[in-house]
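J.: Pasting the sequence and the predicted model now:
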Amino acid sequence: MKILIVDDEKLLVKGIKFNFEQEGFAVETAYDGEEALKLARDKSINLIILDLMLPKVDGLTVCQQIREFSRVPIIMLTAKTEDMDKIMGLEYGADDYMTKPFNILELKARVKAILRRSASGTADTHAVRSDGDVALDYNLRKVRIGTKWIELTAKEFDLVELLVTNAGKVYSREQLLDIVWGYDYPGDIRTVDVHVRRLREKIEPSPADPKYIITKWGVGYYFRES
């Protein structure tokens with residue numbers, strides 16, 4: 001597995017790089033947004049750790065531009081603690097975020113959890129599950145609504161996969177954080193709401209009046225049964 005670390009704090013990058021190389025990862029590094037965008041086009045990159053505040057091109061813009069050509073999982077790093085910065089990272093296509101300073105063991109746990117779930121559907125190149133007008137391609141990690149295949153980020157696919165596979169079952173936000181994020185997630189439950197909103201914008205004919213991902217008021221979310 002190869003990860004890309006993007007941060008202008010060279011000592012921090014050196015420390016993260018060392019820790020992941022000790023775990024057997026191949027590591028690429030970048031110290032500004034322009035360099036990050038160039039390296040992100042490398043098809044062998046499996047995950048990107050991306051700082052929010054970068055020279056030349058900021059992290060949010062980098063994240064947004066990467067999403068135009070890649071679904072590679074992205075974990076945003078931010079020194080800011082305001083909720084809006086975290087939410088904006090998710091809105092721009094990040095799969096997760098961590099606030100500096102952070103525990104390197106937690107970062108490694110998050111990276112491994114995301115990679116484990118991202119790789120879970122790659123064994124069978126014909127692994128497609130169809131349910132009425134909805135289909136999931138586990139290899140390409142895309143969803144089809146009707147005849148249209150839709151590109152999703154790693155976490156968006158994980159979330160819709162869980163809901164579609166268990167259509168009709170209501171999950172609370174806390175349950176979704178625990179199952180989809182794959183660890184005891186310390187973040188805000190609004191992380192789920194942001195991902196649900198992004199999913200609806202991609203797959204719903206009318207996001208304001210959802211047909212597929214339904215809100216169970218006071219409880220959580222479920223995927224409607226066909």
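T.: Received it, and whenever you're ready, just let me know what you need.

J.: Low-confidence bits of this structure, can you list those?
T.: The chain contains residues with pLDDT under 70 at 119-132, 182-187, 226.

J.: how about the helices of it, start to end?
T.: 10-22, 33-40, 59-66, 83-91, 104-119, 154-165, 173-180, 190-203 (DSSP state H).

J.: Out of these, which gets nearest to residue 136?
T.: Judged by C-beta to C-beta, the one of the helices of the chain that comes nearest to residue 136 is helix 154-165, at 6.0 Å. Yep, even glycine has a C-beta here, placed from its N, CA and C like the rest.

J.: Could you list every helix and strand in contact with that closest one?
T.: helix 104-119, strand 128-131, strand 134-137, strand 142-145, helix 173-180, helix 190-203, strand 220-223 (3 or more C-beta pairs under 8 Å, 6 or more residues apart in numbering; DSSP states H and E).

J.: what do you get if the cut-off is 7 Å, keeping everything else the same?
T.: When contacts are defined as 3 or more C-beta pairs under 7 Å, 6 or more residues apart in numbering; DSSP states H and E, helix 154-165 packs onto helix 104-119, strand 134-137, helix 173-180, helix 190-203, strand 220-223.

J.: So what are the sheet partners of the second one and their directions?
T.: Strands adjacent to strand 134-137 in the sheet, as given by DSSP bridges, are strand 128-131 (antiparallel), strand 142-145 (antiparallel).

J.: what about residue 82, neighbour count?
T.: Residue 82: 10 surrounding residues under other C-beta atoms under 10 Å.

J.: list the contacts for it?
T.: Residue 82 sits next to no residue when contact means C-beta atoms under 7 Å, 6 or more residues apart in numbering.

J.: ok, residue 168 - contacts?
T.: 222, 225.

J.: domain assignment for the protein?
T.: 2-119, 128-223 (automatic domain parsing).

J.: from the chain's centre, how far out does the last one sit?
T.: Averaging C-alpha positions (C-alpha atoms, centre = their mean, to the nearest Å) puts domain 128-223 12 Å from its chain's average.

J.: center of this structure - which residue?
T.: By C-alpha atoms, centre = their mean, the mean C-alpha position of the chain lies nearest to residue 95, the distance being 2.2 Å.

J.: just checking, that residue touches residue 71?
T.: No. In this structure, residue 95 is not within contact of residue 71 by C-beta atoms under 7 Å, at 9.5 Å.

J.: Need the residues touching each of the two.
T.: 153, 154.

J.: before we move on, the earlier item: please convert the helices and strands packed on helix 154-165 to a markdown table, extending it with distance to residue 79 and mean neighbour count.
T.: Converted to a markdown table, those look like this (distance: least, C-beta to C-beta, whole Å; neighbours: other C-beta atoms under 10 Å):
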| stretch | distance to residue 79 | mean neighbour count |
| --- | --- | --- |
| helix 104-119 | 15 | 17 |
| strand 134-137 | 37 | 19 |
| helix 173-180 | 23 | 18 |
| helix 190-203 | 19 | 19 |
| strand 220-223 | 32 | 21 |
